[in-house]
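Engineer: need a 3D model of the sequence below.
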Amino acid sequence: MMPKFSVDIAATSANLGPGFDCMGLAINRYNRFTITPDEMFSINAKGPAAPAIPRTKDNLVVQGLELLLHHVGAVQTPRRWRIDIQADIPAGSGLGSSASAIAGGMLLGNEMVGYYEPRRQMSRWEVVQLATAMEGHPDNVTPALLGGAWLSVYEEHKLQSFALSLPENLVFAVGTPQIHVSTDESRKALSALVPRHDAIYNTAQAARLVLALERRDLSLLRDAFGDKIHEPYRTPSLPYYKEVVAAVLDAGAITVTLSGSGPTLLVWCDSSESAECAAEAMQQVWSEHSVAAVCNTALPDRTEPAVYRLDDSREADA
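Structural biologist: Residues are numbered from 1 along each chain as shown. Take a look at the predicted model:
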């Protein structure tokens, strides 16, 4: 019997305010990837984000999988498969759909290598390093592959990652206006030069953010998310951004960060009740201005994703 493998990869929110391209965390929204060796290559996708998924080898799941097989020198692992994707992380939303695809492809490939050629199988940390090299920065792929929140330094093709603590009572409201944001286009809006006073400000804010998280001090966390490097250039294109921020803070939220390059906003809260109020506040502002949006609550995903081997009698839980 040909083995089948499946993995759920969490959505991720990168930058966390001042941690541009170096900080990120996982939240409990998922894409599910399942691979089955087959006679012909095929990709099947379903779910809300399925229309945006390529059905060709340009798909990042395939690219991540094939890069890993090439990297380890796999010779016995099958090279034709059927890939099934349950796509619940919207593309172009700032919630790490690309990192999810890369992570899913690499973990499935590595699990197949472990089955067919166990001596070539990579460690999870080696997969993180390879995924970072493919993605170009570690802020999304590290939490996608390891769960939790991470500070990563990627310099001269060398990666160091440090786990960040998250308060136990941390809950998020997640608001996504229904507009598409290209990460590449969003990066073009950033300034090529950073004034010294802005660099100093971001350095201090990033240090304060790490300290607040390590102390799990929500009062210190409230003032630790200021940024002058990317958010000021990206948020003006978001619909009614200032009004939304004012509404969620009035509703009791701790703060708001732009998730990745947007348009999703990640609202940090200290209770489920506060997060529900913040989600309702976002929805109300956008609804009043006829902006379609999806607003709900989420929790940090603190666990490393596990790959499961399936058989014909046992499928992944729905």
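
Engineer: can you count the residues close to Y116?
Structural biologist: Residues lying near Y116 (other CB atoms under 10 Å) number 16. (C-beta placed from N, C-alpha, C; glycine too.)

Engineer: with A207 instead?
Structural biologist: 12.

Engineer: and what of the one 5 residues further on?
Structural biologist: Taking other CB under 10 Å as the neighbour definition, A212 ends up with a count of 21.

Engineer: what's the answer for E280, then?
Structural biologist: 15.

Engineer: quick check: it vs R119, distance?
Structural biologist: 54 Å (CB to CB, to the nearest Å).

Engineer: likewise M2?
Structural biologist: For M2, the distance to R119 - CB to CB - is 21 Å.

Engineer: neighbour-wise, which of the two wins?
Structural biologist: M2 (10 against 7).

Engineer: need the three-state assignment for the more buried one.
Structural biologist: coil (DSSP: H, G, I helix; E, B strand; the rest coil).

Engineer: next: N28.
Structural biologist: Going by three-state DSSP: N28 is strand.

Engineer: quick one: it and I200, what's the gap?
Structural biologist: Counting by CB to CB - N28 and I200 are separated by 36 Å.

Engineer: and the pLDDT at D217?
Structural biologist: Listed pLDDT for D217 reads 83.

Engineer: tally of neighbours for it?
Structural biologist: Other residues close to D217 by other CB under 10 Å number 13.

Engineer: again with G136
Structural biologist: 9.

Engineer: could you do D21 as well?
Structural biologist: Under the criterion other CB under 10 Å, the count of neighbours that D21 has is 17.

Engineer: now it: closest residue in space, sequence neighbours ignored.
Structural biologist: H137 (4.7 Å; CB to CB, 6 or more residues apart in numbering).

Engineer: helix/strand/coil for the one you found?
Structural biologist: coil.

Engineer: touching, it and L159? I think so.
Structural biologist: No. H137 lies out of contact with L159 (CB atoms under 8 Å); the separation is 10.1 Å.

Engineer: need the residues that contact stretch 106-119.
Structural biologist: 3, 5, 7, 9, 33, 35, 37, 61, 64-69, 72, 74-78, 120-122, 127, 130-131, 145, 305, 307, 309 (CB atoms under 8 Å, 6 or more residues apart in numbering).

Engineer: mind checking how far that stretch is from the chain centre?
Structural biologist: Computed by CA atoms, centre = their mean, to the nearest Å, the separation of stretch 106-119 from the middle of its chain amounts to 23 Å.

Engineer: in it, what's buried?
Structural biologist: For stretch 106-119, burial by neighbour count (16 or more other CB atoms under 10 Å) applies to 106-117.

Engineer: ok but S13 is inside a helix, no?
Structural biologist: No. Looking at S13 with three-state DSSP, it is strand, so not inside a helix.

Engineer: name the nearest of the buried residues of stretch 106-119 relative to G92.
Structural biologist: Using CB to CB, M106 comes nearest to G92 of the buried residues of stretch 106-119, at 21.7 Å.

Engineer: among the contacts of stretch 106-119, which lie within strands?
Structural biologist: For those, the ones inside strands are 5, 7, 9, 33, 35, 37, 307, 309, with DSSP state E as the criterion.

Engineer: can you select the buried ones among the contacts of stretch 106-119 for me in PyMOL?
Structural biologist: Buried residues within the contacts of stretch 106-119, by 16+ other CB under 10 Å, are selected in PyMOL with:
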select buried, resi 5+7+9+33+35+37+61+64+65+66+67+68+69+72+74+77+78+120+121+122+127+130+131+145+305+307
